[in-house]
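Colleague: Take this sequence and fold it.
(4 chains)
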Number of protein chains: 2
Amino acid sequence: MNKNCSVYKTASFICKKWTMLILLELYRGKGEWKRYSHIKTKLNGITPKMLSARLKELKGEGMIKKRVDVNTFPIRSEYCLTKTGKDFIKIIKSIKEWTLKWKTKNTDCEKNDCEMCEL
Amino acid sequence: MNKNCSVYKTASFICKKWTMLILLELYRGKGEWKRYSHIKTKLNGITPKMLSARLKELKGEGMIKKRVDVNTFPIRSEYCLTKTGKDFIKIIKSIKEWTLKWKTKNTDCEKNDCEMCEL
DNA sequence: CCGGATCCTCTGCGATACTG
DNA sequence: CAGTATCGCAGAGGATCCGG
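Modeller: Numbers count the residues shown, from 1 in each chain, chains lettered A, B, ... in the order given. This is a model prediction of the structure:
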């Protein structure tokens, strides 16, 4: 696998810390726009720097879109999955299914109350 | 997503460096047993320490199996995907398909000659 | 409220050498 | 041949402050 391999390229940013969590948080509900501060609260523990960096990356990858409400003060930034991003969720789902099929010790997801995933 | 989340648990080891490459190398051909030294050669640049560690992890996860030929000298260790491991390949395939669908700048895989992947 | 700038910590990984 | 042991570093990510 070289640097131009599609698997390599996608894995190299999707595997970064917090990235999948951000995608999953944006997937929750029915794809409404979600505020920066809301995501930050949900992703307990993420630093603002990290969140900003990841959102920028995901936007650069075309997986999320951003809008800013300049009429309010303070400013509100909101984010939402693009079609590309939504389509990636199925891969995360397949990871979940694979794990539930072959691994038997995931108590939380097995009970179907893994609230974060909502897959 | 907490520590018991199935997505979290699987992602946390599959995302490690070299791990997917090892799985793909074992997937090449028709699932024959492959020697440690052979894998090492194919994964150009991997250190023996890394390869041993990853193989051990993958075995612990039930994705590969190991056999040792003690009748020869020096010893031969061979590795092979389990059913669990083979079933994971489909996820890597779906990552490739997603990338080719939404990203247009992956020259190598687009030409279907991304030899490493062989997906 | 959003998120950039700085500084710092910590660990994953590489390089090298060595052994049964 | 198939690993293990030791050392060291780069870079990812955390903590904190600041500014629009």
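Colleague: Which elements pack onto the lengthiest helix in chain A?
Modeller: Secondary structure of chain A per DSSP state H: the longest helix is helix A:83-102. Using 3 or more C-beta pairs under 8 Å, 6 or more residues apart in numbering or on different chains; DSSP states H and E, the elements in contact with helix A:83-102 are helix A:19-27, helix A:107-110, helix B:6-14, helix B:83-102. For glycine as for every other residue, the C-beta is placed from the backbone atoms N, C-alpha and C.
Colleague: Could I get the average pLDDT for the first one?
Modeller: Here the mean pLDDT over helix A:19-27 is 96, rounded to a whole number.
Colleague: What of the last one?
Modeller: For helix B:83-102, the per-residue pLDDT values average out at 96.
Colleague: ok, residues contacting it?
Modeller: The contact list for helix B:83-102 (C-beta atoms under 8 Å, 6 or more residues apart in numbering or on different chains) reads A:6-7, A:9-11, A:14, A:62, A:84, A:87-88, A:90-91, A:94-95, A:98, A:101-102, B:14, B:20, B:23-24, B:26-27, B:31, B:58, B:61-64, B:81, B:106, B:109-110, B:117, B:119.
Colleague: Tell me the buried residues in that helix?
Modeller: By 16 or more other C-beta atoms under 10 Å in any protein chain shown, the buried positions in helix B:83-102 come out as B:84-86, B:88-89, B:91-92, B:94-96, B:98-99, B:102.
Colleague: ok so, going back, quick check: which of the helices and strands packed on helix A:83-102 is nearest to DNA strand D?
Modeller: Comparison of those against DNA strand D by C-beta to the nearest atom of the strand identifies helix A:19-27 as nearest, at 8.3 Å.
Colleague: Residue nearest the middle of chain A, spatially speaking?
Modeller: Nearest residue to the geometric centre of chain A (C-alpha atoms, centre = their mean): residue A:23, 1.3 Å.
Colleague: For that one, list the residues it contacts.
Modeller: A:58, A:63, A:64, A:81, A:85, A:88, A:89, A:92.
Colleague: Find the residue closest to the residue of chain A found nearest DNA strand D in space, skipping its chain neighbours.
Modeller: Closest contact between chain A and DNA strand D, by C-beta to the nearest atom of the strand, is at residue A:17 (3.3 Å). Distance criterion C-beta to C-beta, 6 or more residues apart in numbering or on different chains; nearest residue to residue A:17, sequence neighbours excluded, is residue A:50 at 7.6 Å.
Colleague: Might one say that that neighbour is in contact with residue A:18?
Modeller: Yes. Residue A:50 is in contact with residue A:18 according to C-beta atoms under 8 Å; the separation is 5.9 Å.
Colleague: export the helices and strands packed on helix A:83-102 to CSV and tack on distance to DNA strand C?
Modeller: Shown next, in CSV, are the helices and strands packed on helix A:83-102 (distance: least, C-beta to the nearest atom of the strand, whole Å):
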stretch, distance to DNA strand C
helix A:19-27, 12
helix A:107-110, 22
helix B:6-14, 10
helix B:83-102, 17
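Colleague: Out of these, which is closest to residue B:42?
Modeller: Proximity to residue B:42, assessed across the helices and strands packed on helix A:83-102 by C-beta to C-beta, is greatest for helix B:83-102 (16.4 Å).
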